[in-house]
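Trainee: here's my sequence, what's the structure:
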Amino acid sequence: MSNKLIAKWAVIVIAFFGSIYLLYPGYEWYSKTSEERSKLEASGDRPSNLLNLGLDLRGGSSLLLELDTSKLPDNININDAMAQAIEIIRNRIDQYGVAETPINRQGEKWISVQLPGIANPAAAEALIGKTAQLKFMIVRTDAKDTEKATAKIDATENPWDADGNLIPEIAKLVPAGVAILKNKDGGYSVLDSEVKVTGADLENAAVNVSGDYGMPEVTFSFNTDGAKKFGALTGANLGKQLAIVLDNTVQSSPTIQSRITKDGRITGRYTLDEAKRLAITLKAGALPAPVRIIEKRVIGPTLGEDSIRSGVSASLYGLLIILVFMLIYYKWGGVIADAGLLLNLFFLLALMAAFNSTLTLPGIAGIILALAMAIDANVLILERMREEKRRGLPVGEIISTGYDKAWSAIIDSHVTNWIAALFLFQFGSGPVKGFAVTLTLGLVVSLFTSVFVTRAIYDMLLTSNPKDISL
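Mentor: Residues are numbered from 1 along each chain as shown. A predicted model of the protein is given here:
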């Protein structure tokens, strides 16, 4: 056996065992029950190399969000705002524990979010939609000039609008330099309207369950500039109450005991989940403008299981028919072609797992098309071999010439499909992009197995006993 052939087989063996390494975590993961997987996902204990199932296979929820462009700041254009909103939503969902969520822009101001495995997405919806405008404001000790406003608030059944602001007839009674905001636990606070420190100055936020009385709290730290501003604010207001305001609601109002620079905390009657969502929202950043859910669809896991069963069954039946046909029509050449085809599927799934790809029904269609391209390449090679055999050439030359003459047709067909996949990926969205990605990876693997692997098998047989090769 030549050094060149040894190197070829070394590549194939490494690819084979590397694929086993990449696919085993997925096999172990999907061998668990759905309850076990849910617990592991909630704790963040999820394999890194995993072939994820899309919404149409796993079930879950699909949301269509609309960005309220009327509330965008004047210095932010809609394209930048959409890109920022998508990134923030992605960060929030990823930190919440929903892995590999497809998030795509649709049209001018709409965002499509798919939540595989989340059939009751109420918590995730609240997390997505929060604007998380964090402010630090000083509580006023003298509120004589606000008596008219506070009296009107006390006499009004619901003095706040949907965004947490005072309704216009009360807001006009509030004097300049003053803000009146509702408290999280009821009532309201009178504050200085000047805001010197906001959530934009934060560097990090996390949940701490060792707060007062064992209640969860959210700890936060400022960046360098934020620490300076917060130090100046707290140093100038010792003994006063500092209101921590989130989305126009006062979360808590601790008394400033000393000058604070780097770190702080938000306390209140939070459950652990509420504290976790608040920390995630603060850490991910504020949305450039509010978003609202305009469409929500829920796909049950049973429908997803039916889709998996139908898709896998159709694929296996089609694959079996092809394998049998190749064995009957091409005999020994069909055996080698079948081996290459099975390795093609094996390597493709491993490559998708390596990239943490999400498998959908269109993705399965992409796999089927890639397998069809692989078997088409083998048919071209075998037919070329039969033509050379009719000319009476020796076996070694038949194999070599068959591959050489089939190569141009093989590369032409693959490049054509690559170009089509590129356009689908560039101009498509959602499932269409999934199909394009799967097809692209499949075509790469198809070239490797149908040309490189099968040729290595023929070369090995030629070095051992060429008389046993029947073409």
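
Trainee: for stretch 316-336, which outside residues touch it?
Mentor: Applying CB atoms under 8 Å, 6 or more residues apart in numbering, the external contacts of stretch 316-336 come out as 337-338, 341-342, 345, 368, 371, 375, 378, 382, 385, 454, 457-458, 469-471. Every residue, glycine included, has its C-beta placed from N, CA and C.

Trainee: restricting to C-alpha, output that stretch in CSV.
Mentor: Taking Å, rounded to 0.1, in the frame of the first residue of the first chain, the C-alpha atoms of stretch 316-336 are listed here in CSV:
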residue,chain,number,x,y,z
LEU,A,316,-35.5,5.8,5.0
TYR,A,317,-37.8,4.3,2.5
GLY,A,318,-36.3,6.4,-0.3
LEU,A,319,-32.7,5.5,0.9
LEU,A,320,-33.5,1.8,1.0
ILE,A,321,-34.9,1.8,-2.5
ILE,A,322,-31.8,3.6,-3.8
LEU,A,323,-29.5,1.2,-2.0
VAL,A,324,-31.3,-1.9,-3.4
PHE,A,325,-31.4,-0.5,-6.9
MET,A,326,-27.6,0.3,-6.9
LEU,A,327,-26.8,-3.3,-5.6
ILE,A,328,-28.9,-4.9,-8.3
TYR,A,329,-27.9,-2.7,-11.2
TYR,A,330,-24.2,-2.1,-10.5
LYS,A,331,-23.4,-5.1,-8.4
TRP,A,332,-19.9,-4.6,-6.9
GLY,A,333,-19.8,-1.0,-7.9
GLY,A,334,-23.2,-0.6,-6.3
VAL,A,335,-21.8,-1.9,-3.0
ILE,A,336,-19.1,0.7,-3.0
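
Trainee: give the buried residues for that stretch.
Mentor: 319, 322-323, 326, 330, 333-334, 336 (16 or more other CB atoms under 10 Å).

Trainee: that one - what's its average pLDDT?
Mentor: Per-region confidence: stretch 316-336 scores 88 on mean pLDDT.

Trainee: same check on stretch 367-387?
Mentor: The model assigns stretch 367-387 a mean pLDDT of 88.

Trainee: who's in contact with residue 48?
Mentor: Taking CB under 8 Å, 6+ apart as the contact definition, residue 48 lies against 25, 356.

Trainee: greatest separation within the buried residues of stretch 316-336: which pair is it?
Mentor: Largest separation among these by CB to CB: 319 and 333, giving 18.0 Å.

Trainee: which PyMOL command selects the buried ones in the contacts of stretch 316-336?
Mentor: Listed next is the PyMOL selection for buried residues among the contacts of stretch 316-336, using 16+ other CB under 10 Å:
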select buried, resi 337+338+341+345+368+371+375+378+382+385+454+457+458+469+471
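
Trainee: among the contacts of stretch 316-336, name the ones in helices.
Mentor: 337-338, 341-342, 345, 368, 371, 375, 378, 382, 385, 454, 457-458 (DSSP state H).

Trainee: from the residues you listed, which is closest to residue 399?
Mentor: residue 458 (5.0 Å).

Trainee: just to check, the closest one is in contact with residue 399?
Mentor: Yes: counting by CB atoms under 8 Å, residue 458 touches residue 399, with 5.0 Å between them.

Trainee: pretty sure residue 108 sits against residue 81.
Mentor: No: the pair residue 108 / residue 81 is not scored as a contact, 10.9 Å apart, by CB under 8 Å.

Trainee: who has more neighbours, these two?
Mentor: Taking other CB atoms under 10 Å, residue 108 and residue 81 do not tie; residue 81 has more neighbours (18 against 11).

Trainee: quick check, the more buried one in a helix?
Mentor: Yes: when DSSP: H, G, I helix; E, B strand; the rest coil is applied, residue 81 is found to be in a helix.

Trainee: surely residue 397 and residue 391 touch.
Mentor: No: under the criterion of CB under 8 Å, residue 397 is not in contact with residue 391, lying 9.4 Å apart.

Trainee: still on that earlier bit, in a markdown table, list the ones in helices among the contacts of stretch 316-336 along with distance to residue 288.
Mentor: Converted to a markdown table, the ones in helices among the contacts of stretch 316-336 look like this (distance: CB to CB, whole Å):
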| residue | distance to residue 288 |
| --- | --- |
| 337 | 55 |
| 338 | 55 |
| 341 | 50 |
| 342 | 50 |
| 345 | 44 |
| 368 | 42 |
| 371 | 44 |
| 375 | 50 |
| 378 | 53 |
| 382 | 59 |
| 385 | 62 |
| 454 | 54 |
| 457 | 57 |
| 458 | 60 |
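
Trainee: which of those residues lies closest to residue 426?
Mentor: residue 368 (22.5 Å).

Trainee: quick one: low-confidence ranges for the stretch 51-200 of the chain?
Mentor: Residues of the stretch 51-200 of the chain meeting the criterion pLDDT under 70: 91-92, 94-101, 117-121, 123-124, 126-127, 129-133, 143, 162-163.

Trainee: measure residue 266 to residue 244 for me?
Mentor: 5 Å (CB to CB, to the nearest Å).

Trainee: mutual contacts of the two, please.
Mentor: With CB under 8 Å, 6+ apart, residue 266 and residue 244 have common neighbours 251-252.

Trainee: so who does the nearest residue to residue 248 once chain neighbours are set aside touch?
Mentor: Nearest residue to residue 248, sequence neighbours excluded (CB to CB, 6 or more residues apart in numbering): residue 164, at 3.2 Å. Residue 164 makes contact with 181-182, 247-249 under the criterion CB under 8 Å, 6+ apart.

Trainee: pretty sure residue 164 is in a helix, no?
Mentor: No: when three-state DSSP is applied, residue 164 is found to be coil, with no helix at that position.

Trainee: separation between it and residue 107?
Mentor: In terms of CB to CB, residue 164 sits 29 Å off from residue 107.

Trainee: show me which residues of the longest helix seen in the chain are buried.
Mentor: The longest helix of the chain (DSSP H) is helix 395-427. For helix 395-427, burial by neighbour count (16+ other CB under 10 Å) applies to 395, 398-403, 405-406, 410, 413-414, 417, 421, 424-425.

Trainee: nearest to residue 275, of those?
Mentor: Distances from residue 275 to these, taken by CB to CB, are shortest for residue 425, at 40.1 Å.
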